[in-house]
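J.: Sequence plus predicted model, see below.
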Protein chains: 2
Amino acid sequence: MSLKAAMPKLSDKQQHERRTRILDAAEQCFTRAGFHRTTMQDICKAAGVSPGAIYTWFDSKEALIGGITARNRDEVLASFAAMATASDFVAGMAATLEACVLNQPRAKSVLCLEIAAEATRNPAIAAMMATFDDAVRTSLADILSRAVEEGRIKPQLPLRDLMPAMNAIAEGMFWRRAVDPAFDAAGAGRAFVAMVSAVLRPTAAGTAQKPGDAPGSAELAEQGS
Amino acid sequence: MSLKAAMPKLSDKQQHERRTRILDAAEQCFTRAGFHRTTMQDICKAAGVSPGAIYTWFDSKEALIGGITARNRDEVLASFAAMATASDFVAGMAATLEACVLNQPRAKSVLCLEIAAEATRNPAIAAMMATFDDAVRTSLADILSRAVEEGRIKPQLPLRDLMPAMNAIAEGMFWRRAVDPAFDAAGAGRAFVAMVSAVLRPTAAGTAQKPGDAPGSAELAEQGS
DNA sequence: TCATGAAAAACGAACGACCGTTCTTTTATG
DNA sequence: CATAAAAGAACGGTCGTTCGTTTTTCATGA
């Protein structure tokens, strides 16, 4: 396999660096202007490379959203896996919400909206979203049903209905943030945690009572007006 | 004002008919393929007219999404105004949810996603969404604060936080439906009503108790699993 | 009631600009 | 030095829009 060989390829690390640089530029452009309004030239300029360089690493413009989607999916799944290990249920949920939604820049929301719109048309993107959703759903189902078994929560209605609703709520926060810059994500997050825990009805056993714990779910008792 | 006059214009009704036919075709195309992927020729074919005809009634392709957005906004606002008159609070909310989300075809969700994505870029669309959101928010605020005053609900947290959250949830259902064809909107709707009424804590006074009333909110008592 | 005609409306071929991609050439790498 | 990687000009195709022409519409006056 190496008689008169000479196969000068970039090292894995360098290849990864090239791809990342291009994906970063593309993500930035897509966020700013949307997928269809950004040209390959825009991405070239943002990445500081030529068209030829991009096509060395990616087959097409579509492959770029594909790459971005995959990258984001992996990030969120990692955040999600962490929730499974949280001891206090409500606190874990609040922390995950914070990590996956509230602490993300608004630009991320815009990008997600763009990707979701694209997914309704592009089968490749749709497939990615599907495996992503599956992973999230499975993870959430595990956590919830374990909590039920251990008597830490006593849901008011079937998990089958609850879970997609929780899913929808999180996505709604993305949407709202993307569309309305004045959206108070933190306040909505508080409301979200309050609502969910109201239907889940966590028992005393399932709620950590050490003061100074539970970052996002502490001060829920206030009178409306 | 009429010496040698001659001003043959289409009647208002006919003008409206032309615009409607074109907007319908455009809406259908945008839903199927997205804004940027549908060509003016596609719309011409769908409407059975020539490019010239479209440009007689609309300035540009952008003006078409503008028109569609305005039309949808007016429809939803009308549905929303109806909620204000409902006697039973929770029932009214469930009915509105049903009319504005659940009873709409999935295609509408896809279109909304498309419009939302466009709004993050196009100032004209963004402005429309903003006035729309304002109207919805005002309407919801009126209804809720009146219910509080009359002692029909006793919210667990400030309305300021609650309202955007309700907003986000409804939009999340749109998103989810658009992205995931298998999404059980009815089940999620039930969960939504349950969650919201759990934090709103409707008093006996605010809940109609006649059996056979309250279309979407009746059977909430079930044990999870 | 019908013919008239002037302007609106519709037609549809063509234009001009743009954009994703390719291809040839040059540079960098191991 | 052999080949991968990057460059960047150019191509082929597409699409929103325009424009000269034809058709339709309807107030008017006979």
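T.: That came through fine.

J.: What helix or strand is residue A:82 located in?
T.: helix A:61-83 (DSSP states H and E).

J.: and the helix or strand following that helix, is it in reach of chain B?
T.: Next helix or strand after helix A:61-83 toward the C-terminus (DSSP H and E): helix A:89-97. No - Helix A:89-97 stays clear of chain B (CB under 8 Å from any CB of the partner chain), getting no nearer than 11.7 Å. Placement of C-beta: from N, CA and C, glycine included.

J.: now do stretch A:185-204
T.: Yes - remark: stretch A:185-204 sits within contact range of chain B at A:187, A:188, A:190, A:191, A:192, A:194, A:195, A:196, A:198, A:199, by CB under 8 Å from any CB.

J.: Now do the buried residues in the longest helix belonging to chain A.
T.: Longest helix in chain A, counting residues (DSSP state H): helix A:123-149. Neighbour counts over helix A:123-149 (16 or more other CB atoms under 10 Å in any protein chain shown) mark A:125-126, A:128-129, A:132-133, A:136, A:139-140, A:143-145, A:147-148 as buried.

J.: Which other helices and strands does that helix contact?
T.: Helices and strands touching helix A:123-149, by 3 or more CB pairs under 8 Å, 6 or more residues apart in numbering or on different chains; DSSP states H and E, are helix A:61-83, helix A:89-97, helix A:106-119, helix A:159-179, helix B:159-179.

J.: Once you drop chain neighbours, what's closest to the residue in chain A positioned nearest to chain B?
T.: For chain A and chain B, the shortest gap (CB to the nearest CB) falls at residue A:172, measuring 2.6 Å. Nearest residue to residue A:172, sequence neighbours excluded (CB to CB, 6 or more residues apart in numbering or on different chains): residue B:172, at 2.6 Å.

J.: What residues does the nearest residue to residue A:161 once chain neighbours are set aside make contact with?
T.: Once flanking residues are discounted, residue A:161 sits nearest to residue B:187: 3.9 Å by CB to CB, 6+ apart. Residue B:187 makes contacts with A:158, A:160, A:161, A:164, A:165, as judged by CB atoms under 8 Å, 6 or more residues apart in numbering or on different chains.

J.: can you list the residues of chain A near DNA strand C?
T.: Applying CB under 7 Å from any atom of the strand, one finds that chain A approaches DNA strand C through A:6, A:8-11, A:14, A:38-41, A:51-52, A:55, A:60-62.

J.: Identify the residue of chain A closest to DNA strand D, quick one.
T.: With CB to the nearest atom of the strand as the measure, residue A:52 is the residue of chain A nearest to DNA strand D, at 2.1 Å.

J.: so how far is the strand or helix carrying that residue from its chain's centroid?
T.: Per DSSP H and E, residue A:52 falls inside helix A:51-57. Distance, stretch centre to chain centre, for helix A:51-57: 28 Å (CA atoms, centre = their mean, to the nearest Å).

J.: domains of chain A?
T.: Following the assignment in automatic domain parsing, chain A carries domains at A:12-59, A:61-224.
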